[in-house]
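Undergrad: No sequence on hand, only this structure:
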């Protein structure tokens, strides 16, 4: 299917290959933010439907993640906040054990390694030189004292995608829990938190979900919600919160208990518009089209002498493609110079760990792939 600039205005501006960074807004997301700003300017909150739209966002987010319903969805400003809420909600004890990998984005590594100050013992599983993280290595690190396994669904620096269900089974067999950083997969591919038996998941909305910065999702399995006391409390965390100015605290029974105060309504309205668009297209269709354009990009890169670093097996691929430049190009200019030159030609990419990283989305046209490939040959 071909998409136009009416829906994705960025198509008229540049060849955009950085959805793993910060995505441009599609028209429905931008329109939703504008509608909020216009109403807030003229009427404040009077006569608004923001609360209803927020609840609709929870319901749509549940569909996006395969959750049981909106009651399992908390709304957070970013992935780091969601992960930190979980880290601060669990009752850690000295001697508890935690497993994480050395390939994680800082938000999903140092959030957990900081728990060493509380006496938590931490195992860090190393990624292989080819970017893969063998499931058996992670499973081997899990033991009877493992309280939590923290892992990204898709790794930001390689594009490697981990199989979630085998990892969940392994940590659950030892009585532990699993938290998933899904910022590099949510919105790009189908996710099934119920089918994969995931306990917690956090994802910012500004990458593959096509939402604004300052918006994100926190999934908490329904039977765990009431066991957790959020590290941040406010009126919005409580049942009839405005009535609890006295001594009593009654936390909400759903995942909104992890939202302490006034929400970032403008960004959440934008995320609502973006997720509604993704659901209209269908996550299976999104992933199929993203896979096709990613395959085309990899084929074309390899045809001009680029080495594609990102794993591309059916069960491990993602929308992230990290690659080495053609040898002749690498000899005459630095990677920073290449990146800057691409930007001057209105081609948006990123540099990660000494490689270029390209991350198209389902609406990326083939001609933009050719534009990138041509620029790497010039």
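TA: Cool, the structure landed. Owing to the predicted nature of the structure, the values given are computational and were not obtained by experimental measurement.

Undergrad: quick one, what contacts residue 23?
TA: Listed by CB atoms under 8 Å, 6 or more residues apart in numbering, the contact set of residue 23 reads 16, 206-211, 361. Any C-beta I mention is one placed from the backbone N, CA and C, and that applies to glycine too.

Undergrad: Ramachandran angles for it?
TA: Residue 23 adopts backbone torsions of phi -80, psi 150, taken as degrees, to the nearest 10.

Undergrad: what ranges do the strands span in the stretch 251-378 of the chain?
TA: Shown for the stretch 251-378 of the chain, the strands assigned by DSSP state E, counting those that start in this stretch span residues 307-308, 321-324, 347-348, 350-352, 355-358.

Undergrad: Would you mind giving these as a markdown table with distance to residue 273 and mean neighbour count added?
TA: Listed next are these as a markdown table, based on distance: least, CB to CB, whole Å; neighbours: other CB atoms under 10 Å:
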| stretch | distance to residue 273 | mean neighbour count |
| --- | --- | --- |
| strand 307-308 | 34 | 16 |
| strand 321-324 | 27 | 22 |
| strand 347-348 | 22 | 21 |
| strand 350-352 | 25 | 16 |
| strand 355-358 | 26 | 25 |
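
Undergrad: buried stuff in the longest helix along the chain?
TA: What stands out as the longest helix in the chain, according to DSSP state H, is helix 283-303. Judged by neighbour count (16 or more other CB atoms under 10 Å), helix 283-303 contains these buried residues: 283, 286-287, 289-291, 293-294, 296-298, 300-301.

Undergrad: Which elements pack onto that helix?
TA: Counting contacts by 3 or more CB pairs under 8 Å, 6 or more residues apart in numbering; DSSP states H and E, the secondary-structure elements packed against helix 283-303 are strand 307-308, strand 321-324, helix 366-377.

Undergrad: what does it contact?
TA: 1, 64, 187-191, 278, 308, 312, 317, 319, 321, 323, 358, 360-364, 366, 369-370, 372-373, 376.

Undergrad: got it, and stretch 364-372?
TA: When contacts are defined by CB under 8 Å, 6+ apart, stretch 364-372 is touched by residues 2-3, 11, 15-17, 293, 296-297, 300, 342, 345, 347, 349, 358, 360.

Undergrad: pLDDT on the longest helix of the chain, on average?
TA: Averaged over helix 283-303, pLDDT sits at 98.

Undergrad: gap between it and the chain center?
TA: 19 Å (CA atoms, centre = their mean, to the nearest Å).
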